[in-house]
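Participant: 3D model of this:
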Amino acid sequence: MGAQSRMDALEAYALYANVVRDRVDRAVVASLGSDLANERELGADVARVADALFSLGTRGGKRIRAVLLSLAYEGLGGEGGAERVTNAAVAIELLQVYMLVHDDWMDGDLVRRGGPSVHKMLADGFGSTSLGDATAILAGDFACALAQEAMLSVDAKKEDLVVAARRFARIQHDVVLGQVMDVCGELRSIRDLSLARVERMHAKKTGAYTVGGPLAIGALLAGASEEQVAAIDAFAEPLGIAFQLRDDVLGTFGASDKTGKARFGDLRQGKQTGLVASFLAVADAPDVALLTEVLGRADADDAACAKVADLIESSGARARVDARVSELLAMAHQKLPALGFRAEEAFLLEGAITALGERAS
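Facilitator: This next block holds a predicted model:
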């Protein structure tokens with residue numbers, strides 16, 4: 001596909017994504033808003049937790065997962081169009097809310113999607129950090145329960161819904177394992193870090209629920225065969241890894257007003273990213289020492305972080321990660337025809353590859 005065709009596909013995907021996003025936004029607002037009226041009547045404490053979830057869940061978001069799920073359902077000729085699987089799209093978005101709540105708490109992030117994280121909102125609301133932390137964990141669990149309810153409410157054939165729900169559970173299984181790999185990474189010497197290990201973690205933690213899971217669920221709800229799901233997984237793995245490697249780059253070099261997160265957050269949290277792995281592969285001892293002075297230090301100032309970012313760039317590490325992203329995107333393009341999607345949705349998925357792998361936020 002030539003450059004102009006890819007731009008056309010990207011534009012078509014953006015238009016499709018806007019339609020899905022508007023529909024799913026309304027459904028998420030209902031799920032976290034009016035649908036929880038009875039829960040809010042349980043008292044001010046429960047209402048505060050529900051309101052914090054509502055704030056995060058309705059605060060923007062690209063709805064990438066909902067869009068991919070809808071696209072796969074329509075790509076395999078699902079009955080009734082994407083509107084019929086709106087509840088599944090809501091489920092995947094609520095699952096992300098749950099994961100973001102817990103992830104922000106574990107990482108100590110105070111900002112998400114341009115606003116306060118849930119544990120920050122609850123700590124302020126209750127006037128207690130410990131109570132804010134505890135209720136944030138419960139808020140994430142509650143969002144997970146809402147996600148299960150939404151998935152099991154999809155209007156689909158029973159046999160299709162069962163296999164889709166099983167895959168939904170598998171997403172959570174993989175993400176939790178990937179998160180364990182992530183949070184325990186600091187126990188290992190950074191000298192042992194490799195890009196291959198980072199990619200394995202990304203495939204579990206992010207690829208499973210950002211690309212492969214949503215596509216597979218949409219396909220399964222449309223009655224996809226095991227062979228079709230296998231083709232989707234083969235397509236999704238490189239794209240999911242590319243998505244997260246791009247996120248690694250944005251975490252250090254992206255603009256906060258676009259990413260919705262504080263710049264240098266990955267460095268301050270000690271994240272073992274693709275950038276860090278690529279830098280360590282070529283860095284000498286003095287440069288590694290400069291990195292370790294910043295990596296994992298929550299109080300590292302912007303000047304020190306910027307110095308490390310400059311080192312990463314001048315070493316060629318950023319360029320190598322960018323090149324790896326391009327390589328992975330090319331692999332996804334090559335595997336796309338095997339999905340057997342209808343021509344229109346296959347074209348949209350071409351745009352999705354570009355949108356996910358070359359995004360600025």
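
Participant: pLDDT weak spots in this structure?
Facilitator: Applying pLDDT under 70 to the predicted model, the residue ranges of the chain that meet it are 1-4, 185-189, 257, 259-260, 361.

Participant: strands of that one, start to end?
Facilitator: Along the chain, the segments classed as strands by DSSP state E run 111-112, 115-116.

Participant: any idea which of those strands is most buried?
Facilitator: Here the criterion is mean neighbour count by mean count of other Cβ atoms under 10 Å, and of those the winner is strand 111-112, at a mean of 20. For glycine as for every other residue, the C-beta is placed from the backbone atoms N, C-alpha and C.

Participant: okay, now the sheet partners of it, with direction.
Facilitator: As defined by DSSP bridges, the strand partners of strand 111-112 come to strand 115-116 (antiparallel).

Participant: so how far is the partner strand off the chain centroid?
Facilitator: Between the centre of strand 115-116 and the centre of its chain there are 18 Å (Cα atoms, centre = their mean, to the nearest Å).

Participant: now what about it, what contacts it?
Facilitator: Where contact means Cβ atoms under 8 Å, 6 or more residues apart in numbering, the residues beyond strand 115-116 that reach it are S55, L56, R59, L110, D124.

Participant: hang on, the earlier thing: the strands of the chain into JSON lines, with extra columns for distance to V24?
Facilitator: Shown next, in JSON lines, are the strands of the chain (distance: least, Cβ to Cβ, whole Å):
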{"stretch": "strand 111-112", "distance to V24": "19"}
{"stretch": "strand 115-116", "distance to V24": "19"}
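
Participant: out of those strands, the one nearest A360 is which?
Facilitator: The stretch from these with the least distance to A360 (Cβ to Cβ) is strand 111-112; that distance is 17.8 Å.

Participant: tally of neighbours for the closest residue in space to G270 that isn't next to it in sequence?
Facilitator: Take G270 and drop its neighbours on the chain: the residue closest to it by Cβ to Cβ, 6 or more residues apart in numbering is G296, 2.8 Å away. For G296, the count of nearby residues is 16 (other Cβ atoms under 10 Å).

Participant: next: the one 4 residues further on.
Facilitator: Using other Cβ under 10 Å as the criterion, A300 is surrounded by 16 other residues.

Participant: Q148 versus that one, what's the distance?
Facilitator: From A300 across to Q148, the span is 39 Å (Cβ to Cβ, to the nearest Å).

Participant: can you give me the buried ones in stretch 231-240?
Facilitator: Neighbour-count burial for stretch 231-240, counted by 16 or more other Cβ atoms under 10 Å, picks out A231, I232, D233, F235, A236, E237, P238, L239, G240.
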